[in-house]
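Asks: Could you look at this predicted model? Sequence included:
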Amino acid sequence: MKALITGVQGFVGKYLADHLLSQGIEVWGTSREESPLLHLTHGNVKIIKNDLNSEEEILNLLQNSKPDYIFHLAGQSNVKKSWEDKAGTFYANVNKTIFLLDACVRYQKENPNMRLLTVGSSEEYGKVEPHELPIKETTPLRPMSPYGASKAAVSMLIQQYHKAHGLNVVHVRPFNHIGPGQAEGFVVPDFSNQIVRIETGQIEPVIRVGNLSAARDFIDVRDIVDIYTKLMILKRSDELFGSVINVCSGESRGIREILDILVENSEACITIEIDESKLRPIDMPIYFGERSILDRYLPNLDYIKVEETLRDTLKSTRRLKENESD
Ligand code: GDD
């Protein structure tokens with residue numbers, strides 16, 4: 001079997017590619033830049049330069065690579081940045097997805113068994129009332145960030161393409177994914193990078209943070225890619241076409257608690273300071289998802305504990321910093 005991952009060089013893309021390779025699935029990926037093979041633990045990924053700017057170019061790519069599974073990961077995934085570049089976020093997340101969906105409709109005529117997975121976000125739900133927790137797939141979408149609105153638009157589009165064109169597509173709504181190798185700009189790498197800089201004496205022992213009173217549903221990226229893979233290779237996956245699935249742990253953890261666990265895993269003596277520039281115009285106080293649909297299709301999944309993910313992330317940040325200074 002063969003898979004194509006858009007945005008394969010991103011945080012989730014690399015994990016997904018390696019996981020698919022470990023299952024004996026050949027992997028091709030798209031990237032904005034010309035790139036050589038991507039070498040991963042379980043094999044190599046052929047990279048095709050394609051910025052998803054036209055239906056024809058994407059169709060060409062599909063006809064050359066002939067994937068059975070298409071994972072659409074490419075996009076603008078930073079919530080804070082989406083406030084600064086709303087139109088750019090919509091172009092990257094919505095327009096490019098439309099080009100891909102149109103190309104897939106044509107490609108599916110040649111390969112009726114192809115399956116597409118589009119990646120949305122819990123940010124699609126936006127403003128959620130306390131009585132609506134845990135958030136279900138049927139909870140009304142009231143996005144508050146431009147990023148959330150763009151992903152909500154994608155979830156509408158995939159339902160429309162399934163109904164109008166019979167497209168084999170599933171839309172996942174992952175909650176906060178974390179793990180070793182995540183770029184700064186998200187809460188865990190923002191905290192762990194500062195901790196390691198403090199440990200190595202690069203900055204004073206003060207960690208600058210944003211809103212600590214929020215709580216989020218965190219899930220390890222290694223669990224996320226396992227779930228995406230299982231959803232695609234599932235025998236009953238046709239039951240899921242045209243639908244949306246939450247990918248979450250089902251529990252919320254406070255940002256303050258995340259910070260405390262990270263700090264406890266360091267021997268440095270650290271002071272905490274709120275940095276006003278890290279606060280957002282709007283930030284939901286608490287989020288966690290309902291995962292009964294996920295559990296129905298993929299029962300008995302063993303999730304990595306947040307504590308373990310945080311320890312692994314801190315260790316990998318330390319290794320990266322050591323290599324940088326060598
Ligand atoms: N990034 C960041 N940096 N967030 C901080 C910080 C900080 O220094 N301090 C506190 N926070 C708070 C944010 O205000 C937010 O309430 C929470 O930590 C999580 O922030 P992020 O990690 O940036 O994630 P996000 O919830 O905005 O978005 C992420 O999760 C979505 C799924 O729910 C991203 O991964 C999105 O791409 C994803 O769709």
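Replies: Okay, I see it.
Asks: and the stretch 1-150 of the chain, which of its residues are near the ligand?
Replies: Applying Cβ under 6 Å from any ligand atom, we find that the stretch 1-150 of the chain lies next to the ligand at 77, 79, 121-123. C-beta: built from backbone N, CA, C; applies to glycine.
Asks: Give me the phi and psi for Cys31.
Replies: Actually, residue 31 is Ser. It isn't Cys. Dihedral pair for Ser31: phi -150, psi 150, per degrees, to the nearest 10.
Asks: ok, how many other residues are close to it?
Replies: 21 (other Cβ atoms under 10 Å).
Asks: give the contact list for Glu129.
Replies: Applying Cβ atoms under 8 Å, 6 or more residues apart in numbering to Glu129 gives no contacts.
Asks: Quick check, pLDDT for it.
Replies: Listed pLDDT for Glu129 reads 94.
Asks: Now do the same for Val172: helix, strand or coil?
Replies: strand (DSSP: H, G, I helix; E, B strand; the rest coil).
Asks: measure it to the ligand for me?
Replies: From Val172 over to the ligand the distance is 11 Å, taken as Cβ to the nearest ligand atom, to the nearest Å.
Asks: So which elements touch the helix or strand harbouring Gln63?
Replies: Using DSSP states H and E, Gln63 sits in helix 55-65. With contacts taken as 3 or more Cβ pairs under 8 Å, 6 or more residues apart in numbering; DSSP states H and E, helix 55-65 sits against strand 2-6, strand 43-49, helix 96-110.
Asks: what's the first one in contact with?
Replies: Contacts made with strand 2-6 from outside it, assessed by Cβ under 8 Å, 6+ apart, are listed as 13, 16-17, 20, 25-30, 45, 50, 52, 61-62, 65-74, 100, 232.
Asks: Next secondary structure after the helix or strand bottoming out on mean pLDDT in the chain?
Replies: Across the helices and strands of the chain, mean confidence by mean pLDDT, DSSP states H and E is lowest for helix 79-84: a mean of 90. Per DSSP H and E, helix 79-84 leads on to helix 86-90 as the next helix or strand towards the C-terminus.
Asks: Now do that following helix: which elements does it pack against?
Replies: Applying 3+ Cβ pairs under 8 Å, 6+ apart, one finds that helix 86-90 contacts helix 146-165.
Asks: and this structure, what are its domains?
Replies: 2-177+218-247, 179-216+252-285+305-325 (automatic domain parsing).
Asks: Most tightly packed of those domains?
Replies: A comparison of the domains of the chain by mean neighbour count, using mean count of other Cβ atoms under 10 Å, puts domain 2-177+218-247 on top with a mean of 19.
Asks: what's the distance between that one and the middle of its chain?
Replies: Taking the mean C-alpha point of domain 2-177+218-247 and that of its whole chain, the gap between them comes to 9 Å (Cα atoms, centre = their mean, to the nearest Å).
Asks: and that domain, how far apart are its ends?
Replies: For domain 2-177+218-247, the first and last residues are 23 Å from each other (Cα to Cα, to the nearest Å).
Asks: Over to stretch 109-129?
Replies: End-to-end distance for stretch 109-129: 43 Å, by Cα to Cα.
Asks: can you check stretch 294-312 too?
Replies: Termini of stretch 294-312 sit 26 Å apart (Cα to Cα).
Asks: tell me the contacts of the closest residue to Glu267 other than its chain neighbours?
Replies: Leaving out its chain neighbours, the residue that sits closest to Glu267 by Cβ to Cβ, 6 or more residues apart in numbering is Glu199, at 7.5 Å. Contacts for Glu199 were tallied using Cβ under 8 Å, 6+ apart; they are 266-268, 318.
Asks: Of the domains of the chain, which is nearest Arg291?
Replies: Of all the domains of the chain, the one in closest proximity to Arg291, counting by Cβ to Cβ, is domain 2-177+218-247 (5.8 Å).
Asks: between the residues of the stretch 1-150 of the chain next to the ligand, which is closest to Asp190?
Replies: Nearest to Asp190 among those, counting by Cβ to Cβ, is Val79 at 12.8 Å.
Asks: The residue in the stretch 201-326 of the chain that the ligand sits nearest to - nearest residue in space that isn't next to it in sequence?
Replies: Distances between the stretch 201-326 of the chain and the ligand by Cβ to the nearest ligand atom are smallest at Gly210, namely 3.0 Å. Distances taken as Cβ to Cβ, 6+ apart place Lys278 nearest to Gly210, at 3.2 Å, with adjacent residues excluded.
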